[in-house]
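Q: One predicted model, sequence on top.
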Amino acid sequence: MIDLSGKVVLVTGAGGTIGAGIAARFEAAGALVVRHLGREDGDLRTEAERVVGEAAARHGRLDAVVNNAGAQPVDPLPGMTSERWRSVLDTNLTGPFAVTQAAVAHLPAGGSVTHIASIEGTHPAPGHAHYAASKAGLIMHARAAALEYGPRGIRVNTVSPGLIARPGIEEQWPEGVARWREAAPLTRLGTPEDVGDACVFLASDLAKWITGHDLVVDGGVTARPTW
């Protein structure tokens with residue numbers, strides 16, 4: 001088990017299924033976790049400095065940030081309004097940009113930022129044009145941030161999950177779940193803890209020479225040929 005005892009980690013969107021799993025895995029590794037519970041705590045585009053500042057002040061330091069807060073609506077691209085498009089990009093891309101910018105004022109050399117992206121950042125799905133574009137942008141933001149913050153000793157990476165289990169998904173989307181299980185070489189959906197383990201690894205010293213990387217956590221589904 002990776003030991004993050006004494007480390008302080010901010011996890012945004014920790015009130016959701018994946019965010020709660022990420023926070024739990026950091027706590028299991030010994031970290032002190034500050035949970036930002038969701039958008040009800042403020043718009044991260046404008047509230048980033050407050051959220052990050054309070055996280056750092058609570059324990060007197062900040063060692064890692066996981067940008068997990070996000071939205072995943074379904075809207076067909078034909079007829080999608082510009083307001084809907086902007087709303088998803090503001091939440092999924094501009095929010096993490098603002099949190100990262102605020103966090104680097106507190107992170108020490110050796111600190112890390114991890115964005116939760118998606119395999120849809122490279123493999124879009126119908127009805128998710130805004131979501132896929134936001135996650136593709138998030139992957140590139142991490143690479144650009146890794147380039148510019150690297151000289152300060154701060155690492156920035158992304159984790160791109162595949163389909164993650166949540167309460168009710170089997171009943172709500174039985175056909176999609178069945179297709180996923182058939183397509184994924186490991187034959188199952190991911191768990192929030194699978195995503196959390198990847199985040200813990202990237203925040204640890206085991207990943208001290210890894211930055212600008214997109215760690216895909218998808219049970220191997222993107223390895224399957226599509227032709």
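A: Cool, got the structure.

Q: Determine the longest helix present in this structure.
A: helix 129-149 (DSSP state H).

Q: what's next to that one, contact-wise?
A: Helix 129-149 has contacts (Cβ atoms under 8 Å, 6 or more residues apart in numbering) with 67, 70-73, 75, 77, 80, 84-85, 88-89, 91-93, 96-97, 100, 104, 113, 115, 117-118, 120-122, 124-125, 155-158, 160, 211-212, 214. In short, each C-beta sits where N, CA and C put it, glycine included.

Q: So, low pLDDT: which residues of this structure?
A: Scanning the chain for pLDDT under 70 picks out 38-41.

Q: And the helices in it?
A: Secondary structure of the chain by DSSP H: the helices cover 17-28, 44-59, 82-89, 95-103, 129-149, 169-172, 174-183, 192-203.

Q: And the ones you listed: which comes nearest Met1?
A: Smallest distance to Met1 across these (Cβ to Cβ): 7.5 Å, for helix 17-28.

Q: what helices or strands is that closest one leaning on?
A: Here helix 17-28 touches strand 8-11, strand 32-35, helix 192-203, going by 3 or more Cβ pairs under 8 Å, 6 or more residues apart in numbering; DSSP states H and E.

Q: highest average neighbour count across these?
A: Mean neighbour counts were compared across the helices and strands packed on helix 17-28 using mean count of other Cβ atoms under 10 Å; the top stretch is strand 8-11, at a mean of 28.

Q: partners of it, with directions?
A: In the sheet, strand 8-11 lines up against strand 32-35 (parallel), strand 64-67 (parallel) (DSSP bridges).

Q: What pairs with the longest strand seen in the chain, parallel or antiparallel?
A: Identified as the longest strand of the chain according to DSSP state E is strand 155-161. In the sheet, strand 155-161 lines up against strand 112-116 (parallel), strand 214-217 (parallel) (DSSP bridges).

Q: Now tabulate those in a markdown table and tack on distance to Ala207 and mean neighbour count.
A: Shown next, in a markdown table, are the strands paired with strand 155-161 (distance: least, Cβ to Cβ, whole Å; neighbours: other Cβ atoms under 10 Å):
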| stretch | distance to Ala207 | mean neighbour count |
| --- | --- | --- |
| strand 112-116 | 8 | 28 |
| strand 214-217 | 9 | 19 |
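
Q: out of the ones you listed, nearest to Ala29?
A: Across the strands paired with strand 155-161, Ala29 has its closest neighbour in strand 112-116 (13.4 Å, Cβ to Cβ).

Q: what does the closest one rub up against?
A: Here strand 112-116 has contacts from 13, 18, 22, 63-68, 70, 96, 100, 103-104, 107, 138-139, 141-142, 145, 154-159, 161, 195, 199, 202-203, 207, using Cβ under 8 Å, 6+ apart.

Q: Output it as CSV - backbone C-alpha positions only.
A: The C-alpha coordinates for strand 112-116 follow below in CSV (Å, rounded to 0.1, in the frame of the first residue of the first chain):
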residue,chain,number,x,y,z
SER,A,112,0.7,17.1,-8.0
VAL,A,113,-2.5,17.9,-9.8
THR,A,114,-4.7,15.2,-11.4
HIS,A,115,-7.6,15.9,-13.7
ILE,A,116,-10.3,13.3,-14.1
